[in-house]
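Enquirer: below is the structure, and that's it, no one-letter string:
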């Protein structure tokens, strides 16, 4: 039976700013604090354990929300570049906005109190306090349609299609999220690609193809192929760790591969590590607010998983955690995951020195 002394043995340590010189000092102090500061510290600890596990878990990020407009493009890029994220599952919107910037366009500072009808008349779209150029969006949509016309017809997983978008971004000299994933062979998946401006561009392409009598010889995105490809990443990795930014389709999709892996013959028992940053709450019953503990009832999270959740704005929480990881040097001497694909079959998952992985095309362009 727990005693009074047991319950009162660990005091909260007050933050002493005279001892805080870097972000990592603040995160370490939060670990001994309270409320969401302590929760953020717990998430940082889970991430530390995830990347220091000697069996080298594959780290999968589920990305949703409004992170590119929220100025997190290079934060996410750096986590990928430094081998702290090995696979990206994202809403189409986040990847589209990264590609939009790769095309040379920008997000602009605005206000949530704007005259929205006037914005529409000026072809300006609002994302809370941020503006984007709708005319530039339209140009990007049609660029995606034209890009797709130049691809060989056939079924593509979103991974294969997004790899091609990353190639174009890289060749344009961009070094954002998609370009970095392309360069380093980091797979990107978007399970609801049609529900984004990438999907709009693909619909423009689709209409043109059927009107020109090419219905049977066109590019098609195969979402079930996505299921199988991501399932193999889970099934062929020694362990997996998850980083959820928000919730939505990416979170559920990454969770579901555990069930698919079981039903397709892989010996898995749930993601072994995980943390999430969310502003949603579990009592509404939706996936975005569901706890990692709830996912254990489905077998999606390992029964003994190292896990944590912080409730807060990911545009604040993520850069704090990312800076902490990099300032602690947890990316140094880290092995990178190298995937070898044969169309939709994952032939192997290898761990190689972090500088040793580049796509053949990117290596050739750099030489």
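Expert: Ah, there it is. Bear in mind the structure is a predicted one, so any value in this text is a computation, not a measurement.

Enquirer: from residue 268, how far off is the nearest residue to residue 323 once chain neighbours are set aside?
Expert: Ranked by CB to CB, 6 or more residues apart in numbering and with sequence neighbours excluded, the top spatial neighbour of residue 323 is residue 23, at 4.0 Å. From N, CA and C alone the C-beta is placed, and that goes for glycine too. According to CB to CB, to the nearest Å, residue 23 stands 35 Å off from residue 268.

Enquirer: more neighbours, the two?
Expert: Taking neighbours as other CB atoms under 10 Å, residue 23 and residue 268 compare with residue 268 leading, 23 against 18.

Enquirer: so how far is residue 235 from the more buried one?
Expert: When residue 268 is compared with residue 235 (using CB to CB), they lie 6 Å apart.

Enquirer: and for residue 241?
Expert: Distance, residue 241 to residue 235, by CB to CB: 15 Å.

Enquirer: so for the two, which sits in the more crowded spot?
Expert: Between residue 241 and residue 235, counted using other CB under 10 Å, residue 241 has the larger neighbour count: 26 against 20.

Enquirer: and the more buried one, what pLDDT?
Expert: Note for residue 241: predicted pLDDT of 98.

Enquirer: can you check residue 342 too?
Expert: Predicted confidence (pLDDT) for residue 342: 96.

Enquirer: wait, is residue 308 part of a strand?
Expert: Yes. Assignment of residue 308 by DSSP: H, G, I helix; E, B strand; the rest coil places it within a strand.

Enquirer: hmm, back to that, any residues in contact with both of residue 268 and residue 235?
Expert: residue 261 (CB atoms under 8 Å, 6 or more residues apart in numbering).

Enquirer: need the longest helix for the chain.
Expert: Ranked by residue count, the top helix of the chain under DSSP state H comes out as helix 35-52.

Enquirer: contacts for it?
Expert: Applying CB under 8 Å, 6+ apart, the contact partners of helix 35-52 are 15, 27-28, 30-33, 57, 59, 84, 241, 243, 273-277, 306-312, 317, 320-321, 324-325, 328, 330-331, 334.

Enquirer: next step: these restricted to helices.
Expert: Short answer: the contacts of helix 35-52 in helices (DSSP H) are 27, 28, 30, 317, 320, 321, 324, 325.

Enquirer: what comes up buried for stretch 10-24?
Expert: 23, 24 (16 or more other CB atoms under 10 Å).

Enquirer: now do that stretch: everything it contacts.
Expert: By CB under 8 Å, 6+ apart, the surrounding residues in contact with stretch 10-24 are 25-26, 29-30, 32-34, 37, 320, 323-324, 327-328.

Enquirer: repeat that with 7 Å
Expert: Contact with stretch 10-24 is made by 25, 26, 29, 32, 33, 34, 320, 323, 324, 327, 328, as judged by CB atoms under 7 Å, 6 or more residues apart in numbering.

Enquirer: among the ones in helices among the contacts of helix 35-52, which two are most distant?
Expert: Greatest spatial distance in those: 28 and 317, 15.6 Å, computed using CB to CB.

Enquirer: show me where pLDDT drops low in the stretch 151-300 of the chain?
Expert: Residue ranges of the stretch 151-300 of the chain with pLDDT under 70: none are present.

Enquirer: what segments of it are strands?
Expert: Residue ranges of the strands in the stretch 151-300 of the chain, as given by DSSP state E, counting those that start in this stretch, are 154-156, 188-189, 219-221, 240-245, 271-278.

Enquirer: all the strands of the stretch 1-150 of the chain, in order from the start?
Expert: Using DSSP E, counting those that start in this stretch, strands in the stretch 1-150 of the chain cover 58-63, 87-90, 107-109, 124-127, 130-133.

Enquirer: more neighbours: which of residue 28 and residue 317?
Expert: Neighbour count, other CB under 10 Å: between residue 28 and residue 317, residue 317 has more, with 21 against 17.

Enquirer: what about the closest residue in space to residue 58 that isn't next to it in sequence, how many neighbours?
Expert: Spatial nearest neighbour of residue 58, chain neighbours left out: residue 237 (3.8 Å); criterion: CB to CB, 6+ apart. Residue 237: 24 surrounding residues under other CB under 10 Å.

Enquirer: dump the residue contacts of residue 237.
Expert: Applying CB under 7 Å, 6+ apart, the residues near residue 237 are 57, 58, 349.

Enquirer: how far away is it from residue 60?
Expert: Taken as CB to CB, the span from residue 237 to residue 60 is 9 Å.

Enquirer: same thing with residue 322?
Expert: Plainly put, residue 322 is 16 Å away from residue 60 if you go by CB to CB.

Enquirer: higher neighbour count, the two?
Expert: Each of residue 322 and residue 60 has its neighbours counted (other CB under 10 Å); residue 60 has more, 27 against 23.

Enquirer: now the helices: where do they sit in the stretch 101-250 of the chain?
Expert: With helices called from DSSP state H, counting those that start in this stretch, the stretch 101-250 of the chain shows them at 116-121, 134-149, 158-171, 177-184, 197-211, 223-235, 248-263.

Enquirer: good, wrapping up.
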